[in-house]
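Participant: Dropping a prediction and its sequence here:
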Amino acid sequence: MNERLKGLYKTIILEHNKTPFFYKKNEEATYVLKAYNQICGDRFELYFEVRNGVIEDLTFHGFGCAISKASTSILVKNLKGKNFVKALLCCRQFLSVTNLERKNEKNLGEEFEAFSAAKEFPGRLKCATLAWDEMVVFLENGGQLRMDG
Amino acid sequence: MIELKNIKSHFPIFQHHPDLVYLDNAATTQKPQSVIDVISNFYKKENANIHRGIYPLAVSASQKYEAVRGKVAQFLNAKSADEIVYTSGTTASINLVAHSFLSPRLKQGDEVIISAMEHHANLIPWQMVCKKAGAHFRVIPMNEKGELDLAFFKTMLSRKVKLVAITHISNSLGTINPIEEMIDLAHQKDIPVLVDGAQSVAHYPIDLQALDVDFFTFSGHKIFGPTGIGILYGKKQYLNGMQPHQFGGDMIKNVTFESSIFADAPQRFEAGTTNIAGVIGLGAAIDFVNELDRNEVLVFLKEIENNLISKLLEINDLSIFGQAKNKSTIVSFSMKNIHPHDIATFLGAENIAVRAGHHCTQPVMDFFQIPATTRASFSIYNQAEEVDFFVEKIKEIKQFFG
């Protein structure tokens, strides 16, 4: 097995891909956020229940590659229970891992750091950031869905 | 004559990437040294604009440019070089027919027929023209194997149908459609037919006069030639009756401020300075293909296809999309619980180039209720051993993600 591939498909990513966290639809959700990559067809829906500015429940469902599925699983696991401010901070931390010009070398934990190898696969970078990018737009808009969302 | 067993040495890409297993030939083919040289030499030694200058370089460039037209006509067995229009590729060729041929003839309530397996390039142009005219856009259905329903096709043909546009070989399923029979059926009702030959022309000999097809399109880059050059073949009676789609220099007989008279086909469709080096490169690509034993190519590719499909079918949880009786070496597949992009990334790290995605055929993906497939497509420089290597890696992927 190729070493570069081992770097990309770390055990933790494969585990999240196989048994993702909070992987279910929620018809009662306050918001449904769609993360869609038109280039490859990856499509996830994130179901929120928000009370008093806190993401009390967060699940996801959809179709995507191992990287995008694991990344979304890690997103819901980390953002659940956070208020919008803390959630946005968390998103920015995650996205700093895949940022090609990353300066902050502080270790952000195994789950986040697992995605740093995606930088060596430019075609796969979007897989790692798909749900996180959408989440940032949502949170920066104060929890408003985009018109096309 | 170029022998298949030595053919890799004609393609410099394999000297630069000795381990490359290139299985993305349905997207674009690699270029032989002769094509690269002819383009490079044109710019180095022969560059001039065509049809205008009377100095020797311009005359020579014009002659070379026009000679390729004759070469293409001969290669496809068209009746005359005047039936060969240079375009930027298959997409531009189809759009030209949609705008210049179909659009002016299409009235409300008319019909246009395509098939269920068309590339977006042979779908959207007709869809747009139909919408504008209020015409019906109809689709020949296919079965689970990816074969068109000819019996149903027969019932679709009526006086209302103004054009049938079908692909010769499906770029996502590999199906080889029975175009001879389909053209014949359409002609019985006097309906013109366009065949998209993008996936067929490199490997399958085409005889336009025997087919009696009305329009035929292909791209240079899928037949070992450069990108940005393509061909529209049209029967003379249709081409000369078509209004140009683009206007400008080099496509006129006479221009005044009051009006302009357009040149005859094919020049009337080639406004502005065209891709001259691309045309000359395409000529070299056709020379290259003419040096092959085309029957040997077909036998070789059939062996690859049979070997590949039988080995892939042995793998559990692997599905092949498109198992038509008459099929080319384009093989689309999926693996249970493994995303096509993970497969393609894994193979890419092993120097195997494949494509993952919807292959510009989203309705085909919808038909099989899948978002994407992984596609391996073979050509003349692939080796029998590459099939084994590919299958071995597919098994490793299954183990890895399993």
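Facilitator: Done, it's in.

Participant: Okay, now the unreliable bits of chain A?
Facilitator: Along chain A, segments meeting pLDDT under 70 span A:1, A:104, A:144-149.

Participant: repeat that with 50
Facilitator: Scanning chain A for pLDDT under 50 picks out the ranges A:148-149.

Participant: Which single residue of chain A approaches chain B most closely?
Facilitator: Going by C-beta to the nearest C-beta, chain B is nearest to A:C65 of chain A, at 3.6 Å. Bear in mind the C-beta positions are built from the backbone N, C-alpha and C, glycine included.

Participant: which residues sit in contact with that residue?
Facilitator: A:40, A:42, A:124, A:127, B:339-342 (C-beta atoms under 8 Å, 6 or more residues apart in numbering or on different chains).

Participant: Would you point out which residue of the stretch 201-350 of chain B is nearest chain A?
Facilitator: For the stretch 201-350 of chain B, C-beta to the nearest C-beta, closest residue to chain A: B:H339, 3.6 Å.

Participant: my read: that residue touches A:A66, true?
Facilitator: Yes: using C-beta atoms under 8 Å, B:H339 makes contact with A:A66 at a distance of 6.3 Å.

Participant: ok, how many other residues are close to the residue of the stretch 151-300 of chain B found nearest chain A?
Facilitator: Closest to chain A within the stretch 151-300 of chain B is B:S172: 13.1 Å, counting by C-beta to the nearest C-beta. By other C-beta atoms under 10 Å in any protein chain shown, 30 other residues sit near B:S172.

Participant: check contacts around A:A131.
Facilitator: With contact set as C-beta under 8 Å, 6+ apart, A:A131 has these partners: A:35, A:44, A:46, A:60, A:68, A:71-72, A:75.

Participant: residues in chain A within reach of chain B, list them.
Facilitator: Proximity of chain A to chain B (C-beta under 8 Å from any C-beta of the partner chain) is limited to residues A:1-2, A:4-5, A:8-9, A:14, A:17, A:39-43, A:63-67, A:69, A:121, A:123-124, A:127.

Participant: Neighbours of B:G109, how many?
Facilitator: When neighbours are defined as other C-beta under 10 Å, B:G109 has 10 of them.

Participant: looking at it, it is touching B:S158, isn't it?
Facilitator: No: under the criterion of C-beta under 8 Å, B:G109 is not in contact with B:S158, lying 11.3 Å apart.

Participant: ranges for the strands of chain A?
Facilitator: A:31-37, A:42-51, A:54-63 (DSSP state E).

Participant: residues contacting residue 46?
Facilitator: I'll assume chain A. By C-beta under 8 Å, 6+ apart, the neighbours of A:L46 are A:32-35, A:58-60, A:72, A:75-76, A:131, A:134-135.

Participant: I was thinking of chain B, sorry if that wasn't clear
Facilitator: B:57, B:60-61, B:64.

Participant: tell me which element the nearest residue to B:S319 once chain neighbours are set aside is part of?
Facilitator: If the residues on either side of it in the chain are set aside, B:S319 comes closest to B:S334, at 5.4 Å by C-beta to C-beta, 6 or more residues apart in numbering or on different chains. Assessed by DSSP states H and E, B:S334 sits inside strand B:330-335.

Participant: just checking, next helix/strand downstream of that strand?
Facilitator: helix B:340-349.

Participant: Name the residues that touch that next one?
Facilitator: With C-beta under 8 Å, 6+ apart, helix B:340-349 has contacts from A:2, A:4-5, A:8-9, A:40, A:42, A:65-67, A:121, A:123-124, A:127, B:334-335, B:353-357, B:372-374, B:390, B:393-394, B:396-397, B:400-401.

Participant: any residues touching the following helix or strand past it, and which ones?
Facilitator: Moving toward the C-terminus from helix B:340-349, the first helix or strand encountered (DSSP H and E) is strand B:352-353. Strand B:352-353 has contacts (C-beta under 8 Å, 6+ apart) with B:20-24, B:347, B:389-390, B:393.

Participant: residues in chain B within reach of chain A, list them.
Facilitator: B:338-342, B:345-346, B:349-350, B:356-358, B:365, B:371-372, B:396, B:400-401.

Participant: which residues sit in contact with the spatially most central residue of chain A?
Facilitator: Residue closest to the mean C-alpha point of chain A, counted by C-alpha atoms, centre = their mean, is A:T72 at 3.6 Å. The contact partners of A:T72, by C-beta under 8 Å, 6+ apart, come to A:20, A:35, A:44, A:46, A:60, A:62, A:64, A:130-131.

Participant: Just give me how far the helix or strand harbouring B:A92 sits from the chain centre.
Facilitator: Taking DSSP H and E as the criterion, B:A92 maps to helix B:90-96. Offset of helix B:90-96 from its chain centre (C-alpha atoms, centre = their mean, to the nearest Å): 11 Å.

Participant: How about stretch A:111-127?
Facilitator: The answer for stretch A:111-127 is 12 Å, by C-alpha atoms, centre = their mean.

Participant: Could you list the alpha-carbon positions for it in CSV?
Facilitator: Provided in CSV are the C-alpha atoms of stretch A:111-127 (Å, rounded to 0.1, in the frame of the first residue of the first chain):
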residue,chain,number,x,y,z
GLU,A,111,-9.5,14.1,14.3
PHE,A,112,-8.7,17.5,12.8
GLU,A,113,-5.1,16.8,11.9
ALA,A,114,-6.1,13.6,10.1
PHE,A,115,-7.2,15.8,7.2
SER,A,116,-3.9,17.7,6.7
ALA,A,117,-2.7,15.1,4.1
ALA,A,118,-5.5,16.2,1.8
LYS,A,119,-3.3,19.2,1.0
GLU,A,120,-1.2,16.8,-1.0
PHE,A,121,-4.2,15.7,-3.1
PRO,A,122,-5.5,19.0,-4.5
GLY,A,123,-8.3,17.2,-6.2
ARG,A,124,-9.6,16.0,-2.9
LEU,A,125,-9.2,19.1,-0.8
LYS,A,126,-12.8,20.1,-1.3
CYS,A,127,-13.9,16.7,0.0
